[in-house]
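Novice: Need coordinates for the following:
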Amino acid sequence: MNLPWWHKPLDKLSSTEWEALCDGCGLCCLNKMEDIDTGEVYFSRVACRLLDINAACCGNYAQRADKIADCLNLREINREDFRWLPPSCAYRLRAENQPLRPWHYLICGDKNRIHQLCRSVRHFALSEREGYAIDDFLLFSLEEILGEEEDK
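Specialist: Predicted coordinates:
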C-alpha cells in the first residue's frame with residue numbers, strides 16, 4: 001500500500017483522505033444494540049432508513065445527522081466509541097493500529113471486491129423504512145451473516 005498519509009493520525013487526515021478510508025460496506029449503518037450488563041454491541045440486519053442498501057451507502061450523506069438523531073459523525077466521536085463499528089471497518093482498524101483487510105479497495109484496487117465477497121450490506125440488510133423491527137433481526141455477530149473473513 002503506497003499511501004503517504006496512511007500513518008497520519010486520524011484527526012490529521014484531510015476530508016479526502018478520511019473519506020478514502022471508507023470501504024463502502026454500509027455495515028456502520030446497521031442498527032445496533034448494546035447489552036447494558038456486558039457492554040457488548042450487537043448488530044441488526046435492519047439498516048438505517050437513509051441507507052441505500054443496493055448501493056451500500058447513505059442516500060443523504062451530507063444531511064444525515066440532521067435527518068437521523070442518533071447518526072454518529074465518526075470524525076467527532078471519541079476513538080473508544082469506534083467499538084460500535086464493524087471489526088473490519090477501516091476507521092476502527094486505523095484507531096486500533098491494525099492493517100486494512102486484503103479486500104479493501106485501497107489494498108486490492110477494486111471497489112467492487114467487497115461486494116463480490118459478500119462483505120457488504122447489499123447481500124442481507126433490511127431497511128427500517130420497510131417496518132422491520134431491530135430486535136427481531138439481531139445477530140450474535142456479523143459473522144453470522146458475513147461468514148468468516150477471507151483473505152481473497
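Novice: do you know how far the residue nearest the centre of the chain is from residue 7?
Specialist: Residue closest to the mean C-alpha point of the chain, counted by CA atoms, centre = their mean, is residue 28 at 3.1 Å. Noted for residue 28: a distance of 23 Å to residue 7, by CB to CB, to the nearest Å. (Glycine included, C-beta is placed from N, CA and C.)
Novice: for residue 103, same thing?
Specialist: Relative to residue 7, and taking CB to CB, residue 103 is found at 22 Å.
Novice: How confident was the prediction at the residue located most distally from the centre of the chain?
Specialist: Most distant residue from the mean C-alpha position of the chain: residue 37, 24.3 Å away (CA atoms, centre = their mean). In the predicted model, residue 37 carries a pLDDT score of 94.
Novice: That one belongs to a strand, doesn't it?
Specialist: No: membership of residue 37 in a strand is not supported by DSSP: H, G, I helix; E, B strand; the rest coil, which gives coil.
Novice: just checking, residue 21 touches residue 95?
Specialist: No: between residue 21 and residue 95 there is no contact under CB atoms under 8 Å: 10.6 Å.
Novice: For the lengthiest strand in the chain, which residues meet the burial criterion?
Specialist: When secondary structure is assigned using DSSP state E, the longest strand within the chain turns out to be strand 41-47. Neighbour counts over strand 41-47 (16 or more other CB atoms under 10 Å) mark 42, 43, 44, 45, 46, 47 as buried.
Novice: for stretch 24-40, same thing?
Specialist: Neighbour-count burial for stretch 24-40 flags 24, 25, 26, 27, 28, 29, 30, 31, 32 (criterion: 16+ other CB under 10 Å).
Novice: Same check on stretch 55-68?
Specialist: By neighbour count on 16+ other CB under 10 Å, the buried set for stretch 55-68 is 56, 57, 58, 64, 68.
Novice: and the two most separated of these?
Specialist: 56 and 68 (16.9 Å; CB to CB).
Novice: can you tell me which residues contact the closest residue to residue 24 other than its chain neighbours?
Specialist: Ranked by CB to CB, 6 or more residues apart in numbering and with sequence neighbours excluded, the top spatial neighbour of residue 24 is residue 56, at 5.5 Å. Taking CB atoms under 8 Å, 6 or more residues apart in numbering as the definition of contact, the neighbours of residue 56 are 24, 25, 26, 115, 120, 121, 122.
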